[in-house]
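1. return a 3D structure for these sequence lines:
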Amino acid sequence: KIEPPPPPPAPKPPKDWLEMSRAKVAVEAPMAKPTKSSRVPAPAAPAGQMMDDISLIRTKDGRVGWVLTNAIFLEVPDEVAQYAEGNRITAYFPMGEVADGDQRHKHWLWATQSQKFAPFEFDGIRMFTYNIRRHRYETAHRERGFRGFFPILVDANKPEPEFKMIFEDASGQRWLKSLVFDGNRVRTLGKQPYTPPKDAAPVSASPPPVKPDPSLLDRMKMLLPGKR
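-> Residues are numbered from 1 along each chain as shown. Next up is the predicted model:
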């Protein structure tokens with residue numbers, strides 16, 4: 001057997017590698033999708049900082065922690081999730097079910113977020129019902145273009161499931177809106193002023209300062225003996 005030829009020499013770094021390692025990369029502000037005038041534009045990232053959405057989760061064994069929201073996959077059936085229209089599903093709830101032959105299909109309520117880094121959890125809700133005559137999901141109720149906050153309160157054990165959502169009007173007043181699902185459509189029962197609990201952390205609190213990543217020169221110094 002003939003041995004393979006030796007690999008070519010590694011390319012040399014550019015002459016200005018030291019200056020390049022010190023250069024600061026400009027962070028572009030996230031581009032928000034075109035929205036209605038009633039929506040509040042997403043805030044831009046602070047200069048020199050990267051922002052990301054994080055979510056507080058609890059696992060089945062009771063552990064609690066923060067994770068990147070983009071790394072979370074909700075177990076929404078594909079036949080419903082396909083209608084997300086590029087928005088991120090932030091919450092979902094089963095609202096009863098129907099039988100279609102030997103299969104059973106749930107009705108679904110979900111909340112979606114169309115913006116990144118927004119100081120609220122969702123800006124749209126949608127109710128999907130399964131039509132046993134057409135064998136497909138259809139929209140029974142939809143609202144969007146508002147500032148919605150968790151928690152969403154759901155009581156699906158009643159003959160007519162109810163749910164409550166918190167939203168904020170243009171003046172900054174928050175309201176608790178009650179709705180009921182009668183199997184075919186969603187009706188509004190009313191709304192009342194809502195005051196967040198005093199011990200609840202504000203959703204729009206400023207994130208902790210982000211320590212910048214070390215430059216290439218600093219990383220090379222860390223590899224020297226006695227510098228670790």
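
2. hey, where'd the strands end up in the chain?
-> 54-58, 64-68, 88-100, 103-113, 122-131, 136-155, 162-168, 174-181, 186-193 (DSSP state E).

3. in the fifth one, what counts as buried?
-> Meaning strand 122-131. 122-130 (16 or more other Cβ atoms under 10 Å). Every C-beta, even on glycine, is put in place using the N, C-alpha and C of the backbone.

4. so of the residues you listed, which two are at opposite extremes in space?
-> Spanning the widest gap among the buried residues of strand 122-131 are D123 and Y130, at 25.3 Å by Cβ to Cβ.

5. before we move on, the earlier item: and the strands of the chain: which comes nearest D16?
-> strand 64-68 (34.4 Å).

6. give me the contacts around the closest one.
-> 52-58 (Cβ atoms under 8 Å, 6 or more residues apart in numbering).

7. list the buried ones in that strand?
-> Under 16+ other Cβ under 10 Å, strand 64-68 has no buried positions.

8. who does it pair up with?
-> The strands beside strand 64-68 in its sheet (DSSP bridges) come out as strand 54-58 (antiparallel).

9. what angle do the strand it pairs with and strand 88-100 make?
-> If you take axes from the mean of the first three to the mean of the last three Cα atoms, to 10 degrees, strand 54-58 sits at 50 degrees to strand 88-100.

10. list the contacts of strand 54-58.
-> Contacts for strand 54-58 (Cβ under 8 Å, 6+ apart): 64-69, 72.
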